[in-house]
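Q: below: sequence and its predicted model.
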Amino acid sequence: MAEQQGQDARGQQTERGPTPAGGGLARYVAAAAVARTADGGAVVAIVLMVTTAGGPGWLAGLLGACITGPHLLGPLVAPSLDSCRDGRVLIAWACIVHGATLAAAVLLYPVAWPVTGILLVVSGLVGPLLTGGISSRLPAIAGQDRIGQRRAQGWDVATYGIGGTIGPSIVAAVSAWAGATVAALILAAATLVAAGVVRLLPYAPPAAASADIPGPFRTLRIMVSSGRLRRMLYLTVTVAFSVAALPITAVASAAMFQVQPAAAGVLTAAYGLGGLAGSAAVMLRPLRGDADRLVTRLAVLVAAALAVAALSVSFVPAVAAYAVAGLLNSYFFAATLAARSEFAPPHVRGQVFVWVGALKIAAGSAGTVAAGAVMSPEPRLPLFLVSAFILAVAAASVLDRRSAEWPEAAP
């Protein structure tokens, strides 16, 4: 009951049709897509730069980790999102710092790679502001009604898909033509463009004074103590951990399907295209209903898609199963965005977005390692295990929700 009262105190969203967001949503999509394309392609550019220059594999991995690892520290810089006078300025500066340090890092690599590593760490530290930080601006842009918000969240999911797909593709194409250094410099320039577009987003005042904004770990406690946010958080982490097994399984399944190892790229591409199709479907037909229950139901559907992928005995059905898994994961992602927007207290909303993003990165990395560790002569074993894992956590979320509702049902 307390959670429902808290939602009512913030203003209940309605099920009306979309409120026109004017040019604000278009500018948001442009800024988010460009920033996330640069963020998604940066690590690929760094690894290619090192390997094509004849550097050892351990150095490529180390420098790649220098730009991805610091994303986990995003919650430490997130409080400024909720307290600063103009969040657009903060995010624009983050884009500028990301681009400037990335450009300097690749230019200095032939001279002093340790300096490159330091610069990449700085670039990675502001990376969460290009992902979850930008997403935290969306609720103020998309309008007050629920359907309009959720249609806009479909666009947001699409920008993540574009960033994760187009970014590495641009790097691969430019690297083949002009080298990985040029590819990285193009990504750096893209973040400067994103900074300019971010400054054109509609202004939204801070939700509270700086003194009233809790620190990152107090914000995490707020998330854990709120049933709706807690369920969204652990289901998000569970699904991120689980879908990270798909690329590993795709490579290992090539021999079983009697196809070339390179065909694994078809499976992962099907997953990515399915994700983009899912985001488009959310735009056309936004999710309806309570976001808390949607997150649980869609997690179960993702688990079912992973189980079908594991049960596929030939290549073509596996491609279809991977595509459906990507589509359902986009729906799930959109539901988690809705839960963050609708259930997070306004004075910590920015931190909630960044916390979830950081924990998703950690869970995805752990899932990749775990999938490789349990790989056996049966390459589909990781998918069976993670499917069961999601179902178990989804069942726990149902019990969690019911335990919160039981006191309300008592006379």
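A: Arrived safely, thanks for sending. No experiment lies behind these values; they were computed from the predicted model shown.

Q: nearest residue to the residue nearest in space to the middle of the chain in space, please, no chain neighbours.
A: With distances taken as CA atoms, centre = their mean, the residue of the chain nearest its centroid is G357 (5.7 Å). Across the structure, with CB to CB, 6 or more residues apart in numbering as the measure, the residue nearest G357 apart from its sequence neighbours is G132 (3.6 Å). Any C-beta I mention is one placed from the backbone N, CA and C, and that applies to glycine too.

Q: give me phi/psi at the one you found?
A: With angles defined as degrees, to the nearest 10, G132 sits at phi -60, psi -30.

Q: what's the pLDDT at it?
A: According to the per-residue confidence, G132 scores 82 in pLDDT.

Q: remind me, longest helix of the protein?
A: Within the chain, and with DSSP state H defining each element, the longest helix by residue count is helix 146-178.

Q: what does whatever helix or strand comes next after it rub up against?
A: If you walk from helix 146-178 toward the C-terminus, the next helix or strand you reach (DSSP states H and E) is helix 180-198. By CB atoms under 8 Å, 6 or more residues apart in numbering, the residues outside helix 180-198 that reach it are 27, 30-31, 34-35, 37-39, 41-42, 45-46, 48-49, 52, 88, 91-93, 95-96, 98-100, 102-103, 105-107, 109, 130, 134, 167, 170-171, 174-175.

Q: just the buried ones from the residues you listed?
A: When burial is judged by neighbour count using 16 or more other CB atoms under 10 Å, the buried members of those are 27, 30-31, 34-35, 37-39, 41-42, 45-46, 48-49, 88, 91-92, 95-96, 98-100, 102-103, 105-106, 109, 130, 134, 167, 170-171, 174-175.

Q: which of those fall in helices?
A: Among the buried ones among the contacts of helix 180-198, the ones falling in helices (DSSP H) are 27, 30-31, 34-35, 37-39, 41-42, 45-46, 48-49, 88, 91-92, 95-96, 98-100, 102-103, 105-106, 130, 134, 167, 170-171, 174-175.

Q: give me the mean pLDDT for the helix or strand containing A335.
A: Element membership for A335, per DSSP H and E: helix 315-343. Along helix 315-343, the predicted confidence averages to a pLDDT of 93.

Q: same question for stretch 224-231.
A: Here the average pLDDT along stretch 224-231 is 94.

Q: buried set for that stretch?
A: Neighbour count says stretch 224-231 has 226-231 buried, by 16+ other CB under 10 Å.

Q: just flag the most distant two among those residues.
A: S226 and R231 (9.1 Å; CB to CB).

Q: any regions of the stretch 1-150 of the chain where pLDDT drops low?
A: By pLDDT under 70, the weakly predicted segments of the stretch 1-150 of the chain are 1-23.

Q: stretch 247-267: which residues count as buried?
A: The neighbour-count criterion (16+ other CB under 10 Å) identifies 247-254, 256-257, 259, 263-264, 266-267 as the buried residues of stretch 247-267.

Q: what about A373, how many residues nearby?
A: Using other CB atoms under 10 Å as the criterion, A373 is surrounded by 10 other residues.

Q: show the pLDDT at it.
A: Looking at A373, its pLDDT reads 80.

Q: what residues are up against it?
A: Not one residue lies near A373 by CB under 8 Å, 6+ apart.

Q: over to V282?
A: Residues 150-151, 153-154, 157, 330-331, 334 are the ones in contact with V282 under the rule CB under 8 Å, 6+ apart.

Q: considering these, which possesses the most neighbours?
A: Across these, neighbour numbers were computed from other CB under 10 Å; A334 holds the maximum, 30 neighbours.

Q: so it sits right up against A152, yeah?
A: No. A334 is beyond contact range of A152, at 10.0 Å (criterion: CB atoms under 8 Å).

Q: if we can go back for a sec, what packs against the longest helix of the chain?
A: Counting contacts by 3 or more CB pairs under 8 Å, 6 or more residues apart in numbering; DSSP states H and E, helix 146-178 is packed against helix 23-52, helix 138-141, helix 180-198, helix 264-284, helix 315-343.

Q: which other residues reach the helix or strand following the first one?
A: Once helix 23-52 ends, the next helix or strand along the chain (criterion: DSSP H and E) is helix 57-68. By CB under 8 Å, 6+ apart, the surrounding residues in contact with helix 57-68 are 42-43, 46-47, 50-51, 102, 113, 116-117, 120-121, 123-124, 127, 361.

Q: returning to that earlier point: so which of the buried residues of stretch 224-231 comes closest to S80?
A: Each of these was scored against S80 by CB to CB, and L229 proved nearest at 20.7 Å.

Q: if I look at that closest one, how far off is V302?
A: With the distance defined as CB to CB, to the nearest Å, L229 ends up 20 Å from V302.

Q: please apply the same query to A53.
A: To V302, A53 is 40 Å away according to CB to CB.

Q: the more surrounded of the two?
A: The neighbour comparison of A53 against V302 (other CB under 10 Å) goes to V302, with 29 against 15.

Q: I'd guessed the more buried one sits against F332; true?
A: Yes. V302 sits in contact with F332 when judged by CB under 8 Å, with a separation of 5.5 Å.

Q: so what sits against both of the two?
A: Here V302 and F332 share the contacting residues V239, scored by CB under 8 Å, 6+ apart.

Q: chain neighbours aside, what residue packs nearest to K360?
A: Once flanking residues are discounted, K360 sits nearest to A240: 4.4 Å by CB to CB, 6+ apart.

Q: tell me which helix or strand that neighbour sits in.
A: When secondary structure is defined using DSSP H and E, the element that contains A240 is helix 227-243.

Q: now for that helix, which elements pack on it?
A: By 3+ CB pairs under 8 Å, 6+ apart, helix 227-243 packs against helix 216-225, helix 291-311, helix 315-343, helix 349-374, helix 381-409.

Q: select, out of these, the one closest to G69.
A: When those are ranked by proximity to G69 (CB to CB), helix 349-374 comes first, at 8.9 Å.

Q: identify the residues contacting S135.
A: Residues touching S135, when contacts are defined by CB under 8 Å, 6+ apart, comprise 32, 156, 337, 340, 353, 357.

Q: run a quick neighbour tally on T159.
A: The local packing count at T159 equals 23, with neighbours defined by other CB under 10 Å.

Q: V356 - nearest residue in space that isn't next to it in sequence?
A: Once flanking residues are discounted, V356 sits nearest to T236: 5.8 Å by CB to CB, 6+ apart.
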